[in-house]
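Q: all I have is the shape, not the residue letters:
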């Protein structure tokens, strides 16, 4: 059950739900039968409609497969340098690119949903429902969903460098060297 926001004046509690997968999982997903793919897409469409109707959906999008991603950096003159891999440096005036978009990454972002809910617990419940979207044969996929709060600005409190206290708190231990 999704709770409707009481009012827009409430403090924003926006969360991004990140759907990630490994290259092997992307390859596996691309081999699903059309029926399995349609069942999973219908599930996600219905969930997003429910979230929208309850007033908590901010945005939701799937992303192209990782091999279609490009990395952009500013060139010396400010113009875009677009590559299919990570620019590690410049050799003979040309960017030196590693193989692949994110060669060190074991997971890729498949899509995201942004929600505006009253608590982290509500975001976790929605993420669990997304995780249970059907896979081949209708079996719940149990896809990992990373849940992260969206920060609308700098945090009011910063953790102490030594993890003893919170900077700006009245109980600052002073060992972190920060001054109030």
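A: Cool, got the structure. Quantities reported herein were computed from a predicted structural model and do not represent experimental measurements.

Q: just give me the neighbour total for residue 137.
A: 9 (other C-beta atoms under 10 Å). Quick note: C-beta positions are derived from backbone N, CA and C, even for glycine.

Q: excluding its backbone neighbours, what's nearest it?
A: Excluding the flanking residues, the one nearest residue 137 by C-beta to C-beta, 6 or more residues apart in numbering is residue 36, at 7.0 Å.

Q: distance of that neighbour from residue 134?
A: 7 Å (C-beta to C-beta, to the nearest Å).

Q: SS state for residue 110?
A: strand (DSSP: H, G, I helix; E, B strand; the rest coil).

Q: that one and residue 145: what is the separation?
A: The value you get for residue 110 to residue 145, if C-beta to C-beta is used, is 10 Å.

Q: residue 113 now?
A: Distance from residue 113 to residue 145, counting by C-beta to C-beta: 9 Å.

Q: cool, residue 22 as well?
A: When residue 22 is compared with residue 145 (using C-beta to C-beta), they lie 15 Å apart.

Q: who's more crowded, those two?
A: Neighbour count, other C-beta under 10 Å: between residue 22 and residue 145, residue 145 has more, with 21 against 13.

Q: excluding its backbone neighbours, what's nearest the more buried one?
A: residue 127 (4.1 Å).

Q: which ones are touching that neighbour?
A: 17, 145, 147 (C-beta atoms under 8 Å, 6 or more residues apart in numbering).

Q: could you dump those into JSON lines and include secondary structure and pLDDT?
A: Listed next are these as JSON lines, based on DSSP: H, G, I helix; E, B strand; the rest coil; pLDDT from 0 to 100:
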{"residue": "17", "secondary structure": "strand", "pLDDT": "96"}
{"residue": "145", "secondary structure": "strand", "pLDDT": "93"}
{"residue": "147", "secondary structure": "strand", "pLDDT": "96"}
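
Q: so which of these comes closest to residue 30?
A: For the contacts of residue 127, the closest approach to residue 30 (C-beta to C-beta) belongs to residue 145, at 20.3 Å.

Q: doesn't residue 131 make contact with the closest one?
A: Yes: contact criterion C-beta atoms under 8 Å: residue 145 and residue 131 qualify, at 5.1 Å.

Q: confidence-wise, which helix or strand of this structure is lowest on average?
A: Within the chain, no helix or strand scores below strand 166-167, which has a mean of 54 by mean pLDDT, DSSP states H and E.

Q: can you give me the strands in this structure?
A: 14-21, 57-62, 71-74, 80-83, 87-91, 94-97, 108-116, 145-149, 158-159, 166-167 (DSSP state E).

Q: distance check, the residue nearest to residue 20 when sequence neighbours are not counted against residue 72.
A: In space, residue 20 comes closest to residue 107 once its chain neighbours are excluded; the distance is 4.4 Å by C-beta to C-beta, 6+ apart. Residue 107 is 21 Å from residue 72, where distance means C-beta to C-beta.
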